[in-house]
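Asks: Let's see this in three dimensions:
(one chain, ligands or ions: 1)
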Amino acid sequence: MNLAAVKLRKCRFADLEPILQIEKSCFSTAEAYSRSRFESRYRVHRNNFWVAERTNEIAGYIVACSRGKSVNLDSLAVARKYRNLGIGSKMLRMVVRKLRSKGIKRISLTVKTSNRAAISLYKKIGFEVVRLSKDHYRNGSDAYLMEKIFD
Ligand SMILES: CC(C)(COP(=O)(O)OP(=O)(O)OC[C@H]1O[C@@H](n2cnc3c(N)ncnc32)[C@H](O)[C@@H]1OP(=O)(O)O)[C@@H](O)C(=O)NCCC(=O)NCCS
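Replies: Numbers count the residues shown, from 1 in each chain. The predicted structure follows:
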């Protein structure tokens, strides 16, 4: 697949349903964000809520939540059939570039220590592990806090 055929655009309300389907396919019932949580992100953080679209199909999404000069990367996923094609990198690079141009100094995120694909992606884009958080998730899994700082 040609990555150039994947368009990144702001999330629209109608995208929340396909986003929820992707979310459910990626995470366990206990971990997946609910429809209401995505609606809340859409209401409050629409400026930093993006989708990757391929021929009118939602292939992935990314949401960042800002607090002053700091931003938390809240949610990122790519539908299984579109993985390993560069879409996750494309979305993350774009969001990092946009946040940096807005004067954001720090982007942080939390990732399960067992999530090799995501950790590898984040490191590739310049995020570093700054802390291990034991028993971070409800099921007892550990998490890494990662961040990217701009000068
Ligand atoms: C993490 C995720 C978003 C990556 O999306 P993607 O579009 O497949 O990523 P890309 O194709 O851009 O790959 C970028 C890098 O990620 C890493 N990566 C992707 N899939 C990987 C895998 N299965 N194993 C190890 N590393 C992997 C690699 O470093 C890769 O770089 P490379 O191609 O130069 O080796 C995707 O796997 C996903 O949606 N996972 C489920 C949801 C999730 O875990 N989200 C993050 C929550 S913190």
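Asks: Please list the residues of this protein that sit near the ligand.
Replies: 26, 76-78, 83-89, 111, 115-118, 120-121, 124 (C-beta under 6 Å from any ligand atom). The way it works is simple: take the backbone N, C-alpha and C, and place the C-beta from them, glycine included.
Asks: Only alpha carbons, please: show the longest helix seen in the chain as PDB.
Replies: Counting residues, the longest helix in the chain under DSSP state H turns out to be helix 87-101. Taking Å, rounded to 0.1, in the frame of the first residue of the first chain, the C-alpha atoms of helix 87-101 are listed here in PDB:
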ATOM      1  CA  ILE A  87       0.700   4.800   9.500                       C
ATOM      2  CA  GLY A  88       1.400   4.900  13.300                       C
ATOM      3  CA  SER A  89       4.700   6.700  12.600                       C
ATOM      4  CA  LYS A  90       3.100   9.100  10.200                       C
ATOM      5  CA  MET A  91       0.400  10.100  12.700                       C
ATOM      6  CA  LEU A  92       2.800  10.500  15.600                       C
ATOM      7  CA  ARG A  93       5.400  12.500  13.600                       C
ATOM      8  CA  MET A  94       2.700  14.800  12.400                       C
ATOM      9  CA  VAL A  95       1.300  15.400  15.900                       C
ATOM     10  CA  VAL A  96       4.800  15.900  17.400                       C
ATOM     11  CA  ARG A  97       5.600  18.400  14.700                       C
ATOM     12  CA  LYS A  98       2.300  20.400  15.200                       C
ATOM     13  CA  LEU A  99       2.700  20.400  19.000                       C
ATOM     14  CA  ARG A 100       6.300  21.600  18.700                       C
ATOM     15  CA  SER A 101       5.300  24.400  16.400                       C
END
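Asks: Would you mind measuring from residue 43 to the ligand?
Replies: 22 Å (C-beta to the nearest ligand atom, to the nearest Å).
Asks: ok now do that residue, which residues does it touch?
Replies: By C-beta atoms under 8 Å, 6 or more residues apart in numbering, the contact set of residue 43 is empty.
Asks: helix or strand for it, which one?
Replies: helix 35-45 (DSSP states H and E).
Asks: which of the residues in that helix are buried?
Replies: If you call a residue buried by 16 or more other C-beta atoms under 10 Å, then helix 35-45 has these buried ones: 38, 41, 42, 45.
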